[in-house]
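**Q** for reference, the sequence and a predicted model appear below.
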Amino acid sequence: MILVIVTIVRDDGSAGHKILWILLVILVPLIGMILYFILGNATKKLGA
């Protein structure tokens with residue numbers, strides 16, 4: 001993840017696009033972990 005962020009920062013794009021991409025790279029894995037803990041635990045409680 002750090003390598004991707006460094007690559008985004010060194011790119012020639014605008015600052016706005018860089019910030020958007022960095023947030024996307026950071027938040028997508030975070031959202032996936034949160035959904036797993038919410039939905040994954042819910043399916044375990046249901047006995048699936």
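**A** That came in fine, so what should we check first? Numbering: from 1, shown residues only.
**Q** now stretch 14-32: buried residues?
**A** 18, 21 (16 or more other Cβ atoms under 10 Å). The way it works is simple: take the backbone N, C-alpha and C, and place the C-beta from them, glycine included.
**Q** who's in contact with it?
**A** 1, 4-5, 8-9, 11, 13 (Cβ atoms under 8 Å, 6 or more residues apart in numbering).
**Q** let's see that with 7 Å instead.
**A** With Cβ atoms under 7 Å, 6 or more residues apart in numbering as the test, stretch 14-32 has contacts from 1, 4-5, 8-9, 11.
**Q** now those residues in a markdown table, with distance to K18 and neighbour count?
**A** Listed next are the contacts of stretch 14-32 as a markdown table, based on distance: Cβ to Cβ, whole Å; neighbours: other Cβ atoms under 10 Å:
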| residue | distance to K18 | neighbour count |
| --- | --- | --- |
| M1 | 15 | 8 |
| V4 | 12 | 12 |
| I5 | 9 | 14 |
| I8 | 5 | 17 |
| V9 | 6 | 13 |
| D11 | 7 | 11 |
